[in-house]
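# Okay, here's the prediction I keep looking at, along with the sequence it came from:
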Amino acid sequence: MTAGKGGNDETGAIEELRRHKVMFDNTWTLATLLASVLAVSCWYFGIAQLNLGPVIWVLATLAILHSALNSQVRRARSLAGVRRLALSSQLLGTLCMAIAWHLFGGIQQPLFPLFIVLPLLTGTLVLGFWQQQIAISAVLAVLASGLLLSADTNSFIQERYGISILSAHALPSWVPRSRVLFPDMSTSPAYDLLLAAMVGVVCVAVSTTVRSLVALCRRDAACVASLQDEVGRLQRAVEQFVRCAPASMLVASSTGRIMFASDRLVKSFGLSDASGGFLLDSIDFKHPDVIKRVMTGGGEEIQPANVRGQERILRVQGEMMDFGPSRVTVLSIESCEELCWRGEADAVEGPMFAIAPNGRLMYLNRSALTVFGAEAEGAMATTIFDTGLSAWWDIAPLEDARRILNYRDRSYLASIRRTRIANSLAEVSFVHLNERRQADVASAA
């Protein structure tokens, strides 16, 4: 399990690095295009005495070689492989741009090497620390080559500072010198050194700044990813909580769309796919306007509804809560057939109630509350009736029996039946009372 997760993480990191590599390649394409536009514009408008052919051929070769390298990215199976391809693209671009620079005037065009620095802005996302240092060193080497191939700079350095550098006149004849595109422009060797040093400082500063910004953004991205994971876990926890709830769902307050529904609710109401549907489409309430008020304002209502072709009585409880940018209603929908049972018990003529195993009265119907009062709910049965028996309701092992019960000045014939409501609960005794004289009249008839 851990190894599989680690493999997935590494695959995700490689895919992310490949996406960054695409950005890096696009930046090199932009730099090549800008250099080509600059060369064509200078040639077309006669700004410089430029032989356009060699410059365009060099830039075209750069574009073709970059395309060949970019096609190998999908074959790279590791982070190091992708980074090696990126470094190869950077060094290849640096070499071709250096050749184009010398064909374009060399030190007479001191800002041209910035076309090499431009891809390093996105290359920081791909290249490692030492690979970036190699790329910057290559840019500085290009600037040094501009000074080396300048006619006057070497002799100036040797005369002024006593540093002997290979003279441009001592270079092999096959090494091309920088083209002179602006014959009327005359600069001193000191000025050329200053320009080269400034461009070098700018290159190093830009690379260092971008690397710091990328490191900061990566830390922020890691923090955001961690927060997103936490939010995802919380959302899954909320969804799992709702699905495990007895009969609950999350509903968008404004639209009535079901966001999550508990498994028990789906099973109870026969909802094939509740999530994403509308509550009033899933359950046919008799008074949907009342349910809409519960969804938008909370509260509790008891509603008849048609569920799978059967009329059922449902209790709908709504609680409002904030869920991101919108409000959500937590709805609890439960069958309350006990109301029907209560109504049926209240309709029975004569007092009816149940006695728990501990001897306390419960489930008194309306007649029983009228006779014994509301305080009888939960009272001990032995304190209400005078029978001479300590547990007169215990008729085991019989299922049903009759007893004579006396309450104040009245005498009742009690029909007692014991039953078990659920397997895990003890037996409950249900008692139905009839006054004695009513029973005698009935027996006489």
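It's in. Residues are numbered from 1 along each chain as shown.

# Can you give me the buried ones in stretch 30-45?
Buried positions in stretch 30-45, judged by neighbour count with 16 or more other CB atoms under 10 Å: Ala31, Thr32, Ala35, Ser36, Leu38, Ala39, Cys42, Trp43. Glycine gets a C-beta too; all of them are placed from N, C-alpha and C.

# Out of those, which is nearest to Cys223?
Lowest distance from Cys223 to the buried residues of stretch 30-45 (CB to CB) belongs to Ala31, with 32.5 Å.

# For Val117, state which of the buried residues of stretch 30-45 is nearest.
Distances from Val117 to those, taken as CB to CB, are shortest for Ala31 (9.0 Å).

# Might you report the residue contacts of the closest one?
The contact partners of Ala31, taken as CB atoms under 8 Å, 6 or more residues apart in numbering, are Gly93, Met97, Phe115, Ile116, Leu118, Pro119.

# Throw those into TSV and include neighbour count and pLDDT, thanks.
Conversion of the contacts of Ala31 to TSV gives the following (neighbours: other CB atoms under 10 Å; pLDDT from 0 to 100):
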residue	neighbour count	pLDDT
Gly93	26	93
Met97	28	92
Phe115	21	90
Ile116	26	90
Leu118	19	90
Pro119	28	91
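
# among those, which are in helices?
In helices, defined here by DSSP state H, the members of the contacts of Ala31 are Gly93, Met97, Phe115, Ile116, Leu118, Pro119.

# gap between the third one and Gln108?
By that I understand Phe115. For Phe115, the distance to Gln108 equals 15 Å [CB to CB, to the nearest Å].

# Grab the nearest non-local neighbour of Thr263.
Check again: residue 263 is Asp, not Thr. Nearest residue to Asp263, sequence neighbours excluded (CB to CB, 6 or more residues apart in numbering): Arg243, at 5.2 Å.

# how deep is that neighbour tucked in, by neighbour count?
Number of residues near Arg243 (other CB atoms under 10 Å) recorded here: 17.

# Mind pulling the model confidence for it?
pLDDT, Arg243: 70.

# how far is the helix or strand encompassing Asp229 from where the chain is centred?
Using DSSP states H and E, Asp229 sits in helix 189-244. Relative to the centre of its chain, helix 189-244 is centred 20 Å away, using CA atoms, centre = their mean, to the nearest Å.

# Tell me how many other residues crowd Tyr412.
If you count neighbours by other CB under 10 Å, Tyr412 ends up with 22.

# sec struct for it, please.
Assigned with DSSP: H, G, I helix; E, B strand; the rest coil, Tyr412 falls in the strand class.

# Disregarding flanking residues, what is the spatial nearest neighbour of it?
Residue nearest to Tyr412 in three dimensions, not counting chain neighbours: Leu433, with 4.2 Å by CB to CB, 6+ apart.

# Bridge partners for the one you found, pull those for me.
According to DSSP bridges, the residues that bridge with Leu433 are Ala414.

# How many neighbouring residues does the residue lying closest to Cys244 once chain neighbours are set aside have?
Excluding the flanking residues, the one nearest Cys244 by CB to CB, 6+ apart is Ser262, at 6.7 Å. Residues near Ser262, counting by other CB under 10 Å, number 21.

# what's the answer for Thr11, then?
With other CB under 10 Å as criterion, Thr11 counts 11.

# secondary structure element for it?
Going by DSSP H and E, Thr11 is in helix 2-44.

# Give me the mean pLDDT for that helix.
On average, helix 2-44 scores 83.

# That one: what's the following helix or strand?
helix 52-70.

# quick check: angle from that next one to helix 2-44?
On the basis of axes from the mean of the first three to the mean of the last three CA atoms, to 10 degrees, helix 52-70 is oriented at 170 degrees to helix 2-44.

# Would you check the distance separating helix 52-70 from the middle of the chain?
Using CA atoms, centre = their mean, the offset of helix 52-70 from its chain centre is 43 Å.

# counting contacts, what elements does it pack onto?
The contact analysis (3 or more CB pairs under 8 Å, 6 or more residues apart in numbering; DSSP states H and E) places helix 52-70 against helix 2-44, helix 79-103.

# and the last one, which residues are buried?
Residues of helix 79-103 classed as buried: 79, 82-83, 85-87, 89-90, 92-103 (neighbour count, 16+ other CB under 10 Å).

# pLDDT at the closest residue in space to Pro351 that isn't next to it in sequence, what is it?
The shortest distance from Pro351 to any non-neighbouring residue, by CB to CB, 6+ apart, is to Ala368 (3.8 Å). Looking at Ala368, its pLDDT reads 88.
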